[in-house]
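Participant: this one's sequence-less:
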C-alpha cells in the first residue's frame, strides 16, 4: 500500500494542545486499590498494528480490562494494518485530535517530533529497571536528548526456507552469500519453487531486504554527515545489477505487488521456497499444523528452518523492525497515557505478551534474552533471541534523522530496485534514487 508523502514543514508547525495537568501516578493508584477521583470516566485510546502473531493481539486485548481497572479509566486498544499507521498518525497530527497513544515504528519519533510528548521519565525508568536499552533505541526514539517514544520491542527477521527443497537442489544449508542465494534460487525456480521477495510499498519485508542488500555491496544513502547524498556509486550500481539478474533468474516476479502478508501466504501455500520474514511463518504454520501442510500432506512447519540474510562483497547487515509507543501532545490525558505505558511494561503484564510472541518479537532490553520462554522454543526460533543486538538504521552512513525517515517512507531505495527489475537500466534506477534523495537531504 502506498503511504502518502509527508510534508516535513507541516510537522515543524505542529505544536499540539496543552495537556491537562494531573497529579499522582500509577504507584499511588495501585497502593490505594481504587482509582482516584480525577481519573473516573477518563478514556484512553491506543492504536497499534495488527500483529502477525494473532494470539498476541488477543492477549493485549485481554489485558485492557485489567489496565482499565488499575488506572481507573477506560483503556481501549484499536489494531489497524501496519501500512495504515503512518496515514493515521499524520491525519491525527494535522487535525490535532486522535488516539492518545500510537504505535511507532523504526525512528518515527524524529518525523513526528513536534507532535510527541516527552516520555523521558517513562523510558529512563524502564531502561534503569531492565539494565538499559539496546543500542538501536537511542537513535530511533531519542530526539535532541528527549525520549519521544517508549521502546517496546523489535521484530527480528531471517530467511524462512524449505529444508527439503534446498536439499533437492544440492544445498544442505542455506546459502551464506547473495551469489549463492541467486544460484540456489535459480535451480529452485526451474523446478517451479522460486524465492519470494517483495519490492512493493510495504513497511517490513521490502525495505528490510533492499537496505541491507545495498549495504552488503557497500552502498549508502549519504556520507557520515548525513548532508551529502552518495547513493550514486559503483557499489550501489553493482547491487542493483545483481538484483536485476537475480530477480529474473531466481525470484517470483509477482513479488513486485506484494505487501507483508503475501509472502507468508505464498510460503504456506507451497508457492515459494524461501522468503525474508519474521518468525511468523514458522509460528503460524506450527499453531495451524492441521491446516497448513506440505505437498506430501505432512505438517509444513517440520520442513521450515531460518537463516540470516546473506552477505555481499562488503559484509552482512540487517534492518529489523523496532516498535515503540508515543504519547501525543494534543492528547488531554498525557499523564494517564504515560501511566498506562508504565503498566504495560510491568514484567507480569509485558511478560504474558512476550511469551505469546514465541520469539517473533524480542524485548527492548537484554533482560528478555534470559526469559524462560527461550528454553521452551523450537531450535529454528532460537536464532531470534539476540536479534536486537545486530541491526542498522536507515540513513546510513549518516545519522538516522527525520530526513532518513522521509526517504524511507517514500520507498526510494525499494523503488530503485523495483524500477530496475521492471526494465529501467541500473544506471537510471540509481540516478532516480539520487535525485529523489537529494530533494530530501540537500533540498
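Facilitator: That came through fine. Everything numeric in this text was worked out from a predicted model, so none of it was measured.

Participant: chain center to stretch 347-360: distance?
Facilitator: 17 Å (Cα atoms, centre = their mean, to the nearest Å).

Participant: what's that stretch in contact with?
Facilitator: With contact meaning Cβ atoms under 8 Å, 6 or more residues apart in numbering, stretch 347-360 is reached by 52-53, 55-56, 58-60, 63, 66-67, 153, 155-156, 278-280, 283, 343-344, 361, 363, 368, 371, 373-374, 377, 381-382, 384-385. All C-beta spots, glycine's among them, are computed from the backbone N, C-alpha and C.

Participant: how many residues are close by the spatially closest residue to residue 147 that is not a sequence neighbour?
Facilitator: Excluding the flanking residues, the one nearest residue 147 by Cβ to Cβ, 6 or more residues apart in numbering is residue 123, at 3.7 Å. Applying other Cβ atoms under 10 Å, we find 26 residues neighbouring residue 123.

Participant: ok, now which ones touch residue 123?
Facilitator: Residue 123 touches 133, 141-142, 147, 150-151, counting by Cβ under 8 Å, 6+ apart.

Participant: and what of residue 149?
Facilitator: Contacts of residue 149 by Cβ under 8 Å, 6+ apart are 104, 108-109, 116, 119, 140-141, 324-326.

Participant: in helices, which of these appear?
Facilitator: Among the contacts of residue 149, the members found in helices (DSSP state H) are 108-109, 140-141.

Participant: any idea which of the residues you listed is closest to residue 208?
Facilitator: residue 140 (14.6 Å; Cβ to Cβ).

Participant: so what pLDDT did the closest one get?
Facilitator: As predicted, residue 140 sits at a pLDDT of 96.

Participant: what sits against it?
Facilitator: 106-107, 109, 149, 151, 322, 324, 393, 400.

Participant: wait, isn't residue 77 in contact with residue 60?
Facilitator: Yes - using Cβ atoms under 8 Å, residue 77 is in contact with residue 60, at 5.8 Å.

Participant: quickly list what's touching both of those two.
Facilitator: Counting by Cβ under 8 Å, 6+ apart, the residues touching both residue 77 and residue 60 are residue 48.

Participant: what's the distance between residue 99 and residue 128?
Facilitator: For residue 99, the distance to residue 128 equals 28 Å [Cβ to Cβ, to the nearest Å].

Participant: have a look at the two and say which one is more surrounded.
Facilitator: residue 99 (24 against 9).

Participant: give the contact list for the more buried one.
Facilitator: Neighbours of residue 99 in contact, by Cβ under 8 Å, 6+ apart: 45-47, 78, 88, 92, 328.

Participant: so of the residues you listed, which ones are in helices?
Facilitator: Per DSSP H, the contacts of residue 99 map to helices at 88, 92.

Participant: start to end distance for stretch 320-338?
Facilitator: Criterion Cα to Cα, to the nearest Å; first-to-last residue distance in stretch 320-338 is 26 Å.

Participant: that one: how far from the chain's middle?
Facilitator: With Cα atoms, centre = their mean, you get 17 Å for stretch 320-338.

Participant: repeat for stretch 153-168
Facilitator: 18 Å.

Participant: cool, stretch 403-414 as well?
Facilitator: For stretch 403-414 - counting by Cα atoms, centre = their mean - the centre lies 14 Å from the chain centre.

Participant: circling back: restricted to strands, list the contacts of stretch 347-360.
Facilitator: 153, 155, 361, 363 (DSSP state E).

Participant: still on that earlier bit, out of the contacts of residue 140, who's the most crowded?
Facilitator: Going by other Cβ under 10 Å, residue 149 tops these with 33 neighbours.

Participant: over to that residue: give its phi and psi.
Facilitator: As for residue 149, its main-chain torsions (degrees, to the nearest 10) stand at phi -150, psi 150.

Participant: do you know the pLDDT at it?
Facilitator: Looking at residue 149, its pLDDT stands at 98.

Participant: what do you get for residue 360?
Facilitator: The per-residue pLDDT of residue 360 was computed as 96.
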